[in-house]
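>>> sequence plus the predicted model coming up.
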Amino acid sequence: ATATTCSHWTEQMDTDRILDENQLRDADLTHAYRRHVQGGFVRSGASLFMWISCWVAYQVGIIRFDNFIGASFPVLLLILYNPPTLWVLKRIRNRELFRYFSFLIHLLEIIGYTAIIHFLGGIEAIYMLPVYAALIIYIGVVAPRRLPFIIAGFCILCFNLMVILEHYGLLRSYKLHPGFELPWPNQVMIMLVNISLLFVIAFIASYTASTLKKNRNRLHRQNEELRLALQKASESDRLKSEFLANMSHELRTPLNAVIGFSELLSYHYPDRLDKEQNDYVQSIHVSGKHLLAIINNLLDLSKVEAGRIRMEPTEVPLRTLLKESLAMFSEKTLSRRIRLSADLAECPETIRADELRLRQIVYNLLSNAVKFTPDGGAVALSARRLVRIHGEWFTQTGQAISVPIHGGQEPAEGTVMQHIAVADTGIGLKKEDQERIFRPFVQADGSTSRRYEGTGLGLALTKRFAELHGGYVGVESEGENRGCTFHCLIPA
């Protein structure tokens with residue numbers, strides 16, 4: 001039974017291999033046939049152009065009637081032999097037979113071009129030799145490397161045979177100037193030059209085609225390597241996001257217990273703890289909440305990158321939300337003598353947005369401003385509706401406002417957006433840092449000895465949340481120690 005199974009499996013593999021080879025063969029032949037169809041159209045078009053040129057030359061007296069009639073027959077041949085040869089070629093399934101028949105098509109084409117040269121004066125029509133060169137170059141680009149040399153050899157054979165037969169009177173001459181006879185040594189020299197010229201063209205065409213093929217294969221390999229690298233990077237990014245989401249969830253459960261118990265000890269049993277113990281409990285509580293905020297940011301970032309954030313737009317009381325957000329920092333700014341102000345005169349009462357994400361945007365911008373503003377500084381919050389006119393932003397009162405947008409497509413003309421800005425008198429930003437700070441885990445001061453704590457996630461999340469709303473985030477600063485103004489635009 002095992003032997004029978006193995007035999008059946010082997011037969012199945014052989015059958016699959018044969019089917020794959022047949023499919024590859026059919027694909028190669030189909031591709032080659034399409035090239036011949038293209039060549040047929042080019043051949044017919046070129047022949048028709050040559051016939052029209054002959055007709056014009058006959059009308060103006062450059063060639064005689066017998067030249068024109070004689071050239072018309074090979075032109076007709078070059079046009080009419082395409083349909084039957086292509087019909088036969090399409091039905092050939094044997095690769096070798098297909099190759100030989102393709103070669104026959106090229107030979108008929110060369111004979112046709114040589115006949116045209118013969119009827120237009122023979123050796124006098126050497127200006128027609130570029131037709132051979134064009135054929136060799138075309139075949140060199142699309143065919144195997146040795147074929148251009150074979151075609152060049154047959155072109156040389158046909159041309160030289162025509163010249164020799166005309167010279168010895170075995171082939172009627174259609175000279176444009178019967179009284180002029182080019183000396184035989186000169187004709188031999190022309191044939192020798194033609195031999196050198198066509199073989200050089202064949203070499204150039206073959207070498208160029210070989211180089212193009214190598215570059216094409218190299219480019220294909222590089223594209224495949226890039227595709228695999230991108231696939232691996234996407235998979236790694238997905239696994240990282242899943243890991244962050246899972247670990248954040250696992251860490252939050254015990255951390256909430258630590259925060260809860262420290263809060264319980266601090267507020268409900270203060271009399272049972274001495275001053276030093278109360279300080280320890282407060283430190284545990286503050287550090288736990290700080291760590292929880294970091295974990296929440298990591299969780300949000302992983303959800304955004306994994307595409308698992310669901311936006312739930314509702315009618316949000318914007319003015320109330322901004323006032324509440326500002327009030328959250330009143331105690332902290334009071335202790336550091338930082339002046340908080342708000343300009344909400346042009347702020348609408350409500351806006352349609354995801355309230356939770358909008359609150360996080362405002363909180364992150366205010367938190368960032370307060371953190372980087374020195375004691376005695378100022379932080380200002382403003383909100384107004386803007387409209388895009390002629391590439392600039394204008395308020396409802398017609399005042400023009402500069403709003404930098406980092407990344408993303410410029411808003412369309414007539415777009416109406418809700419503008420939220422947070423300005424501070426803090427440490428400012430270098431020009432090269434004004435786009436970099438919106439990347440995850442990036443801070444303007446990334447050194448180990450930096451003065452300001454943080455993970456570099458707040459602004460990155462702010463940018464992502466604004467983009468999920470269909471909006472933008474940007475920053476402007478005149479330089480270090482000159483303060484910053486962060487701008488957020490979301491659809492109104």
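That came in fine, so what should we check first?

>>> next one: the longest strand seen in the chain to chain centre, how far?
The residue-count maximum for a strand in the chain (DSSP state E) belongs to strand 378-389. Centre-to-centre, strand 378-389 and its host chain are 35 Å apart (CA atoms, centre = their mean, to the nearest Å).

>>> okay, buried residues for the following helix or strand past that strand please.
Using DSSP states H and E, the helix or strand that follows strand 378-389 in sequence is strand 392-395. Using 16 or more other CB atoms under 10 Å as the burial criterion, the residues of strand 392-395 that qualify are Trp393. Every residue, glycine included, has its C-beta placed from N, CA and C.

>>> and the contacts of the helix or strand that strand 392-395 is followed by?
For strand 392-395, the following helix or strand on the C-terminal side (DSSP H and E) is strand 400-401. With CB atoms under 8 Å, 6 or more residues apart in numbering as the test, strand 400-401 has contacts from 386, 392-395, 419.

>>> if you set the cut-off to 7 Å instead, what comes out?
Residues outside strand 400-401 that contact it (CB atoms under 7 Å, 6 or more residues apart in numbering) are 386, 392-395.

>>> check stretch 155-164 too.
So stretch 155-164 is in contact with 110-111, 114, 118, 122-123, 132, 171, 187, 191, 194-195, 198, going by CB under 7 Å, 6+ apart.

>>> quick one: buried residues of it?
Per 16+ other CB under 10 Å, stretch 155-164 contains these buried residues: 155-156, 158-160, 162-163.

>>> same question for stretch 482-492.
For stretch 482-492, by 16+ other CB under 10 Å, it's 483-490, 492.

>>> sorry, back to before: can you list the strands that the longest strand of the chain pairs with?
strand 339-343 (parallel), strand 392-395 (antiparallel), strand 416-424 (antiparallel) (DSSP bridges).

>>> wait, is Ser367 part of a helix?
Yes: assessed with DSSP: H, G, I helix; E, B strand; the rest coil, Ser367 lies in a helix.

>>> secondary structure element for Thr30?
Going by DSSP H and E, Thr30 is part of helix 2-59.

>>> report the mean per-residue pLDDT for that helix.
Averaged across helix 2-59, the pLDDT comes to 70.

>>> what helices and strands are in contact with the helix or strand just after that helix?
Counting by DSSP H and E, the next helix or strand C-terminal to helix 2-59 is helix 65-80. Under the contact criterion of 3 or more CB pairs under 7 Å, 6 or more residues apart in numbering; DSSP states H and E, helix 65-80 touches helix 2-59, helix 95-119.

>>> what about the closest residue to Ala342 other than its chain neighbours, how many residues nearby?
Nearest residue to Ala342, sequence neighbours excluded (CB to CB, 6 or more residues apart in numbering): Leu381, at 4.7 Å. Residues within reach of Leu381, counting by other CB atoms under 10 Å, total 23.

>>> dump the residue contacts of Leu381.
The contact partners of Leu381, by CB under 7 Å, 6+ apart, come to 322, 326, 342, 366, 422.

>>> recalculate using a threshold of 8 Å.
When contacts are counted by CB under 8 Å, 6+ apart, Leu381 touches 322, 325-326, 340-344, 362, 366, 420-422.

>>> could you say what helices and strands the lengthiest helix in the chain packs with?
In the chain, taking DSSP state H as the definition, the longest helix is helix 184-268. Under the contact criterion of 3 or more CB pairs under 8 Å, 6 or more residues apart in numbering; DSSP states H and E, helix 184-268 touches helix 130-142, helix 147-167, helix 275-305.

>>> quick one, it and helix 130-142 angle?
Counting by axes from the mean of the first three to the mean of the last three CA atoms, to 10 degrees, helix 184-268 lies at 30 degrees to helix 130-142.

>>> state the mean pLDDT of helix 184-268.
pLDDT averaged over helix 184-268 gives 82.

>>> sorry, back to before: in a markdown table: the helices and strands packed on helix 184-268, plus distance to Thr350 and mean pLDDT.
Converted to a markdown table, these look like this (distance: least, CB to CB, whole Å; pLDDT from 0 to 100):
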| stretch | distance to Thr350 | mean pLDDT |
| --- | --- | --- |
| helix 130-142 | 66 | 84 |
| helix 147-167 | 75 | 91 |
| helix 275-305 | 25 | 75 |
